[in-house]
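Trainee: Here is the input, now give the coordinates:
(one chain, ligands or ions: 1)
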Amino acid sequence: MERLDKRLSAAGYSRKEAAVLIRAGRVKADSAVVTVPETKLPGAAVLTVDGVPLREGFLYIMLHKSAGVVTSTEDPWERTVLDLLPEELRRRGVFPVGRLDKDVTGLVLLTDDGPLGHRLTSPRHHVDKVYQVTVDGVLTKEDEAALTAGLVLGDGLRCLPARLERTGRGNVALLTLREGKYHQVKRMMACLGKPVTALKRLAMGPLTLDERLKPGEWRLLTKEEVAKLTKNA
Ligand code: URA
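Mentor: Just a heads-up that it's a prediction; the model follows:
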């Protein structure tokens, strides 16, 4: 048995907010309104707030990162990816899994599931990441072959084999990496003599950026996406 107000605060509401919502009759347990915050309920009771099921357990958020925000939890000067989320999600202690540069757009996963975040970013795990890369120049078959063989960057960093699928007029391609070193795509393209002019992450492991999300928008992952992600990691 657990107190109703405690379950609401575990889902992100402050104790005070939880008490206000409960007393206002906005919270139901198994379809019955409960107005006393201290009510003890069986753990299996299904809770709703304004008819919306309470999200319990870990949170998994897909964000379409816009350009100009930094991928960190706090920054004294810059807007962060957390600033794109509502207060009640921020309060749950979610953090971005991996990083995108400030000017890079696309898929960022945020979660409060520390072990999963750790596994997905661990260099031992080799989670595929797909980027749409636009370069100044034309990507050639030779570039494709060099990436497949594994580039060695100017500073001696040996990259794992990467896949390049050229599209359009040759300056745009899909690039799949199995690792995520600092500024990796930009450094790889610079090494080929074709600097990046735009970069967008489209996929990470089994997760694909939802095209309906505009830059700056987010949504919770579906149960199926969470299952695929946890299985994959
Ligand atoms: N590669 C980069 O250069 N920047 C990113 O943000 C991600 C991959």
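
Trainee: from here on, contacts and neighbour counts on C-alpha atoms
Mentor: OK.

Trainee: Quick check: residues of the protein near the ligand?
Mentor: Contact residues (CA under 6 Å from any ligand atom) of the chain with the ligand: 100-101, 104, 183-186.

Trainee: In a markdown table: these, plus neighbour count and pLDDT.
Mentor: Formatted as a markdown table, these follow (neighbours: other CA atoms under 10 Å; pLDDT from 0 to 100):
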| residue | neighbour count | pLDDT |
| --- | --- | --- |
| Leu100 | 24 | 97 |
| Asp101 | 14 | 98 |
| Val104 | 20 | 98 |
| His183 | 11 | 95 |
| Gln184 | 14 | 96 |
| Val185 | 19 | 97 |
| Lys186 | 18 | 97 |
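
Trainee: Closest one of the residues you listed to Ala146?
Mentor: Nearest to Ala146 among the residues of the chain next to the ligand: Val185, at 13.8 Å, using CA to CA.

Trainee: neighbours around Leu120, how many?
Mentor: 21 (other CA atoms under 10 Å).

Trainee: Contacts only, for the closest residue in space to Ser66 that isn't next to it in sequence.
Mentor: Once flanking residues are discounted, Ser66 sits nearest to Pro215: 4.6 Å by CA to CA, 6 or more residues apart in numbering. Residues in contact with Pro215 (CA atoms under 8 Å, 6 or more residues apart in numbering) are 64-67, 105-106.

Trainee: Most neighbours out of those, which is it?
Mentor: Neighbour max across those (other CA under 10 Å) = Lys65, 29 neighbours.

Trainee: confidence score at Ser72?
Mentor: For Ser72, the model assigns a pLDDT of 95.

Trainee: With Arg90 instead?
Mentor: Note on Arg90: pLDDT of 85.

Trainee: let's number from 856 now, not from 1
Mentor: All set: I'll call the first residue 856, so the last point we hit is now Arg945.
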